[in-house]
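In: What follows is a predicted structure for the sequence shown.
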Amino acid sequence: MTSAIDRAVDHLVIGAGFAGLCAAIKLDEAGERDFVVVERGSDVGGTWRDNTYPGAACDVPSQLYSYSFAPNPDWSMSFSPQPEIHAYIQRVARESGTLDRFVLDTSVDDARWDAGRQRWIVTTTDRAGHRTTYAARTVISGAGGLSEPKLPDIEGIESFGGELFHSARWNHDVDLTGKRVAVIGTGASSIQIVPAIQPQVAHLDVYQRTAPWVMPRHDRRYPAIEKAALRHVPGLQKLYREAIYWGRESYVLPFTRKPAILGPVQQLAKANIRKGVSDPTLRAAVTPDFRMGCKRILISNAYYPALDADNTDLVTDPIARVTPSGIVTRDGTERPVDVLVVATGFHTTELPITEHIVGRAGHTLAEQFDATGMSAYKGTTVPGFPNLFFVVGPNTGLGHSSMVFMIESQVAYITDALRTMREHDYATVEVTEATERAFHADVQQRMQPTVWHTGGCASWYLDKHGHNTTLWPRATFTFRALTRSFDVAAYAVTAPTHTTREVVPA
């Protein structure tokens, strides 16, 4: 059955966070101006629009966690809070001149490859229920792994009679003052939320399944004279960025090949526990039993003191069930709760957008990933899905540095792919299965000696197959070199005449 098309475009971008906005800007700069960016939210910003919980901030210095082509001399602090990061993305979007091609408050329902048209047929629905069908030459997905909150599977949670929400969907209408609050989870969001709300609530229960390693947060506020220098001294902001980049890159060796190097750092983390927690029993409870780096290293100066406060209890007994008025742990203890905050992360190893993408063989990308695990050539392209490109795809995540660096690298690869297609009049490009399989095998082989595999933990980096499909196991400058130009020899290409051929390297 042939779908009726409401609008034809060259490129359809999914998502308007850091990834989607970067794609839009670079498409425009490359002369690829016939595109649309579809965003389910009412504004740009992605995860930095959605995560408005108390204390939300970045754990990568903002001089690096920003676009290289849009430096910002006005960061208030070295680790900027969420409102500043969101405002930065909004400003860059306004100044880019691309917002006229953004379609907000609209979700992607279905994206199907039409072999006859050699186009992606993408159906969207806006907030008012109006449906639009696009025919797009390419689809670029910027829907990252931190876009869909993951709710815990706990018996009775649907019966809870108080206020309940995920950290990424914070309900600001709920006043926590004087309330009994429970926070489930001790990950990156939780360690920011807990100290932010602890002074306000009557009582706080923090439910910990696994203790994280938490390092001091070496944050500082930029004085006016330093911000003026960053604005007016040529090259100074670039120097800051380079220094932070190489400092962060120094973690690659201990993370990927020599985990024992992190031993002294682990001792500093233990000193942070001793400094922040006075009670010996609590100290023991918050000390991880796995090697540092195996799970994401967190940073905070306030988390441990908040746990040590008189109105806070750390609960390490597993949760048995939720009742209408509280939480029951496995030992039978029921603790009363007025507000339940779920800080249990996101669907990172099973990207929800893949459930809506149907490839050349008629199955969804989610079905393909479910069988073998998430995998993409250079984190960007997948066999069976012509002209589909991912930004922040499988194995592009980082445990030490800025994802914006990876985003810019992938977008450069994609724009060069589009240039190649135009110059050679290719209707489609599709990475070969052998190429993608060899790349995935290499990534997983390099993953074996990493601290993420040898550190003795079970992390959200790993999928149900035991594969780390989340992180990049090499230096970020290596990833940039691999994505500097489009390697058409790795792809099968299709001419407008529908003749498919393998491109043989010269």
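Out: Okay, I see it. Note that the structure is a prediction, hence the values are computed from the model and not measured.

In: got the domain boundaries for the chain?
Out: As given by automatic domain parsing, the domain ranges for the chain are 7-148+358-502, 157-212+254-342.

In: Now the ones you listed in JSON lines, please, with extra columns for mean pLDDT.
Out: Conversion of those to JSON lines gives the following (pLDDT from 0 to 100):
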{"stretch": "domain 7-148+358-502", "mean pLDDT": "94"}
{"stretch": "domain 157-212+254-342", "mean pLDDT": "96"}
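
In: closest to Tyr245 out of the ones you listed?
Out: Closest to Tyr245 of the domains of the chain, according to Cβ to Cβ: domain 7-148+358-502, at 5.7 Å. Where you see a C-beta, it was placed from the backbone N, CA and C, and this is true even at glycine.

In: Run the chain-centre distance for that closest one.
Out: Relative to its chain's centre, domain 7-148+358-502 lies at 11 Å (Cα atoms, centre = their mean, to the nearest Å).

In: quick one, strands of the stretch 151-300 of the chain?
Out: The residue ranges that make up the strands of the stretch 151-300 of the chain, judged by DSSP state E, counting those that start in this stretch, are 163-166, 180-184, 203-207, 214-215, 298-299.

In: Let's have the ones you listed in TSV, adding mean neighbour count and distance to Gln90.
Out: Formatted as TSV, the entries for the strands of the stretch 151-300 of the chain read as follows, by neighbours: other Cβ atoms under 10 Å; distance: least, Cβ to Cβ, whole Å:
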stretch	mean neighbour count	distance to Gln90
strand 163-166	18	23
strand 180-184	25	29
strand 203-207	23	33
strand 214-215	20	31
strand 298-299	20	26
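
In: With distance to Phe290 as extra columns, can I get these in TSV?
Out: Written out in TSV, the entries for these read as follows (distance: least, Cβ to Cβ, whole Å):
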stretch	distance to Phe290
strand 163-166	26
strand 180-184	20
strand 203-207	19
strand 214-215	14
strand 298-299	14
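
In: what's the closest of these to Ala260?
Out: Nearest of the strands of the stretch 151-300 of the chain to Ala260, taken as Cβ to Cβ: strand 214-215 at 17.8 Å.

In: Let me know the average pLDDT across the closest one.
Out: For strand 214-215, mean pLDDT is 96.

In: that older thread, closest one to His424 among the strands of the stretch 151-300 of the chain?
Out: Put simply, out of these the one that sits nearest His424 is strand 163-166, at 46.3 Å, with distance taken as Cβ to Cβ.

In: and that closest one, what other elements does it pack with?
Out: For strand 163-166, the contact count by 3 or more Cβ pairs under 8 Å, 6 or more residues apart in numbering; DSSP states H and E identifies strand 339-342 as packing neighbours.

In: can you list the residues that contact the strand it packs on?
Out: For strand 339-342, the external contacting residues (Cβ atoms under 8 Å, 6 or more residues apart in numbering) are 149, 151-152, 160, 162-167, 174, 176, 179-185, 193, 322, 327.

In: Can you mark which positions in the longest strand belonging to the chain are buried?
Out: Identified as the longest strand of the chain according to DSSP state E is strand 131-141. Neighbour-count burial for strand 131-141 flags 132-141 (criterion: 16 or more other Cβ atoms under 10 Å).

In: likewise stretch 421-440?
Out: Buried residues in stretch 421-440, defined by neighbour count with 16+ other Cβ under 10 Å: 421, 426-432, 435-436, 439-440.

In: So what touches it?
Out: For stretch 421-440, using Cβ under 8 Å, 6+ apart, the contacting residues are 118, 360, 375-378, 381-387, 417, 420, 488, 490-496, 498, 502.

In: tell me the contacts of Ile414?
Out: Listed by Cβ under 8 Å, 6+ apart, the contact partners of Ile414 are 23, 140, 380, 389, 391.

In: Figure out which of the strands of the stretch 151-300 of the chain is closest to Gln266.
Out: Among the strands of the stretch 151-300 of the chain, strand 214-215 sits nearest to Gln266 (Cβ to Cβ), with 9.6 Å.

In: Widest-spaced pair of the contacts of Ile414?
Out: The most widely separated members of those are Ala23 and Thr380, with 11.6 Å between them, by Cβ to Cβ.

In: higher neighbour count, these two?
Out: Regarding Ala23 and Thr380, a neighbour count based on other Cβ atoms under 10 Å identifies Ala23 as having more, with 29 against 25.

In: In three-state terms, label the more buried one for me.
Out: Three states are possible here, and by DSSP: H, G, I helix; E, B strand; the rest coil the one that applies to Ala23 is helix.

In: do Val322 as well
Out: strand.

In: Quick check: it touching Ile154?
Out: Yes. In this structure Val322 lies within contact range of Ile154 using Cβ atoms under 8 Å: 5.5 Å.

In: Those two: which is more packed in?
Out: Each of Val322 and Ile154 has its neighbours counted (other Cβ under 10 Å); Val322 has more, 24 against 19.

In: For Leu151, see how far away that one is.
Out: Distance check for Val322 against Leu151: by Cβ to Cβ, to the nearest Å, it reads 12 Å.

In: Check the contact lists of these two and give me the overlap.
Out: Counting by Cβ under 8 Å, 6+ apart, the residues touching both Val322 and Leu151 are Ile157.

In: ok, Ala128 - how many residues close by?
Out: 7.

In: mind listing what it touches?
Out: Residues in contact with Ala128 (Cβ under 8 Å, 6+ apart): none are found.

In: Next, work out how far apart it and Asp105 are.
Out: Between Ala128 and Asp105 the computed distance is 8 Å (Cβ to Cβ).

In: on that earlier part again, and which of the contacts of Ile414 is nearest Thr281?
Out: When the contacts of Ile414 are ranked by distance to Thr281 (Cβ to Cβ), Val391 comes first, at 45.8 Å.

In: Quick check, the closest one in contact with Gly46.
Out: No. Here Val391 does not reach Gly46: they are 11.1 Å apart, not a contact under Cβ under 8 Å.

In: what residues are shared contacts of those two?
Out: In contact with both Val391 and Gly46: 19-20, 142, 144, using Cβ under 8 Å, 6+ apart.

In: And the furthest pair within these?
Out: Across the shared contacts of Val391 and Gly46, the longest distance by Cβ to Cβ is 9.1 Å; it joins Gly20 and Gly144.

In: shared neighbours, those two?
Out: Residues touching both Gly20 and Gly144 by Cβ under 8 Å, 6+ apart: 46, 391.

In: Can you give the contact residues for the longest strand of the chain?
Out: Under the criterion Cβ under 8 Å, 6+ apart, residues 3-15, 20, 23, 36, 106, 109, 111, 114, 117-126, 353, 357, 387-391, 393, 414, 418 lie in contact with strand 131-141.

In: ok, 6 Å please
Out: For strand 131-141, the surrounding residues in contact (Cβ atoms under 6 Å, 6 or more residues apart in numbering) are 3, 5-14, 23, 111, 119-125, 353, 387-390.

In: Relative to it, what are the paired strands and their orientations?
Out: Paired with strand 131-141 in the same sheet, following DSSP bridges, are strand 7-14 (parallel), strand 119-126 (antiparallel), strand 388-390 (parallel).

In: Which among those is found nearest to Ser80?
Out: Closest to Ser80 of these is strand 7-14 (Cβ to Cβ; 25.3 Å).

In: and Gly399, how many residues sit next to it?
Out: Look at Gly399: counted by other Cβ under 10 Å, it has 22 neighbours.

In: residues in contact with it?
Out: Going by Cβ under 6 Å, 6+ apart, Gly399 touches Leu471.

In: secondary structure class for it?
Out: Look at Gly399: counting by three-state DSSP, its state is coil.

In: Got the phi and psi for Val277?
Out: phi -120, psi 120 (degrees, to the nearest 10).

In: so who does it touch?
Out: Applying Cβ under 6 Å, 6+ apart, one finds that Val277 lies in contact with 283, 304, 308.
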